[in-house]
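Enquirer: Sequence plus predicted model, see below.
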Amino acid sequence: MARIFHIRLRIAGVVPVYGRDTYVGGRGRMLIRPLDLFTVEDAQGEQLDVGELVTYLNDAVLLAPSMLLVPEVSFTAVDADAFDVALTNRGTTVRARVFLDPGGAPRDFSTTDRFFQGARTRWTTPIEGWELVEGRPLWTRGRAVWHLAEGELAYVELRTGPGAVAYNVAPGA
């Protein structure tokens, strides 16, 4: 099981920054390199292992639910609008609650299996809507939100659409 997420952004609209957010071999890692020349962050460790595994689970729920059809995943009904999901990999188990819209599509994913400044903290990924893109359901807008004592911190806002997600990409492509 692996999750490899490449990030490209610009700081102040000018300096390109590259990130690699990965879960490989049961280990999580966040590597941030401005200009891809020097490292400003290389986070690893048990908390990142847990956080990256639950991020894998989040991606599976929102982008590729067929990845959940394996013995390492279990589901528990909560009510008509939610279910709990657990994933175990290499001795680590993560859990989340998935909330559904009236059509049965995920509208939010909530977990405490992520860490903010070293403390286990509630993390959610609310979704605003879904549409068919190239014959596949894809969420249209979403956020990643930390629920801190001082209030919500939405640190990522995303939009998708045609060409935003690539499926079945060959290694090295």
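Expert: Thanks, I have the structure now.
Enquirer: I'd like to know how many residues surround residue 14.
Expert: When neighbours are defined as other CB atoms under 10 Å, residue 14 has 6 of them. (Glycine included, C-beta is placed from N, CA and C.)
Enquirer: distance of it from residue 32?
Expert: As judged by CB to CB, to the nearest Å, residue 14 and residue 32 stand 16 Å apart.
Enquirer: Run me through the strand neighbours of the lengthiest strand in the chain, direction for each.
Expert: The longest strand of the chain (DSSP state E) is strand 136-148. Neighbouring strands of strand 136-148 in its sheet, by DSSP bridges, are strand 123-124 (antiparallel), strand 127-133 (antiparallel), strand 151-159 (antiparallel).
Enquirer: The residue lying closest to residue 158 once chain neighbours are set aside: what's it in contact with?
Expert: Once flanking residues are discounted, residue 158 sits nearest to residue 142: 5.2 Å by CB to CB, 6 or more residues apart in numbering. Residues in contact with residue 142, defined by CB atoms under 8 Å, 6 or more residues apart in numbering, are 62, 125-128, 157-158, 160.
Enquirer: Is it possible to get those residues out as JSON lines so that each row also shows neighbour count?
Expert: Shown next, in JSON lines, are those (neighbours: other CB atoms under 10 Å):
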{"residue": "62", "neighbour count": "20"}
{"residue": "125", "neighbour count": "24"}
{"residue": "126", "neighbour count": "17"}
{"residue": "127", "neighbour count": "21"}
{"residue": "128", "neighbour count": "12"}
{"residue": "157", "neighbour count": "10"}
{"residue": "158", "neighbour count": "13"}
{"residue": "160", "neighbour count": "17"}
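Enquirer: low-confidence ranges in this protein?
Expert: Applying pLDDT under 70 to the chain picks out residues 173.
Enquirer: which residues touch the residue nearest to the spatial centre of it?
Expert: Geometric centre of the chain, nearest residue: residue 55, 3.5 Å, by CA atoms, centre = their mean. The neighbours of residue 55, taking CB under 8 Å, 6+ apart as the test, are 3, 21, 23, 114.
Enquirer: one more time with 10 Å, if that's ok
Expert: Going by CB atoms under 10 Å, 6 or more residues apart in numbering, residue 55 touches 3, 5, 21-23, 28, 48, 94, 111, 113-114, 123, 125, 144.
Enquirer: nearest to residue 84, of the residues you listed?
Expert: Proximity of the contacts of residue 55 to residue 84 was ranked by CB to CB; the top entry is residue 111 with 10.1 Å.
Enquirer: And the closest one, how far from residue 56?
Expert: Distance, residue 111 to residue 56, by CB to CB: 12 Å.
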